[in-house]
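# Whatever this is, show me its structure:
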Amino acid sequence: QMQDPEADPKLITAAMLALCRIFSRMMSEDSKFIEPTKKESQAAEKSGNSKKKSEDIFLIWTSSNYKRFTAVLLKALGNEDAALQITAMRALMGLVAREVETRNENSYLPFVSGLFKAMIFRILPSAHTSVELLKAFTDTYVEVYA
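Numbering: from 1, shown residues only. Here you go, the predicted structure:
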């Protein structure tokens, strides 16, 4: 008998952390999947070289799934469960840190237009943001620099 995965916070947390590790590892090897260029997307469609085409298709697929995963994490910030909110926030911050580490140019982008900005705009104005999430965020990521 299958249980509703939303009913098991431990399973959700384990999946979040596992996917975070996978995407972090992939970023270490090739950060292009974060935002493949239009040129790479068009090359995947037009390439006659099957190996190159496979690599481009994988890059686009990975990028799409990374975006879906980060969207799920951002949505989890609005969950009623404070522990799930905190886990999602920590996973997002880990991905932001990895994005910054792996970008050769424009390492500030995750902060001004990317994942970090999306997270902040999801946490601050939300009525669903728990006191525990705000405390964890300030204790871990803000007061360190105060």
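# Could you list the residues in contact with stretch 80-96?
Contacts to stretch 80-96, defined as CB atoms under 8 Å, 6 or more residues apart in numbering, come from residues 9, 12-13, 16-17, 20, 23-24, 27, 70, 73-74, 76-79, 110-111, 114-116, 119, 123, 128-133, 136-137, 140-141. All C-beta atoms are positioned from the backbone trio N, CA, C, and that covers glycine.
# In PyMOL, how would I select the buried members of these?
Here is the PyMOL command that selects the buried residues among the contacts of stretch 80-96 (16 or more other CB atoms under 10 Å):
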select buried, resi 12+13+16+20+23+24+27+70+73+74+76+77+78+79+110+114+115+116+119+123+129+130+133+136+137
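# can you pull the pLDDT of T70?
What the model reports for T70 is a pLDDT of 94.
# Could you do K67 as well?
pLDDT, K67: 91.
# Just give me the neighbour total for it.
14 (other CB atoms under 10 Å).
# again, but for K32
For K32, using other CB under 10 Å, the count is 14.
# And R122, by the same measure?
Neighbour tally, R122, other CB under 10 Å: 20.
# same thing with G94?
So G94, with other CB under 10 Å, has 15 neighbours.
# which SSE is it in?
helix 82-102 (DSSP states H and E).
# How far away from the center of its chain is that helix?
How far helix 82-102 lies from its chain's middle: 7 Å, per CA atoms, centre = their mean, to the nearest Å.
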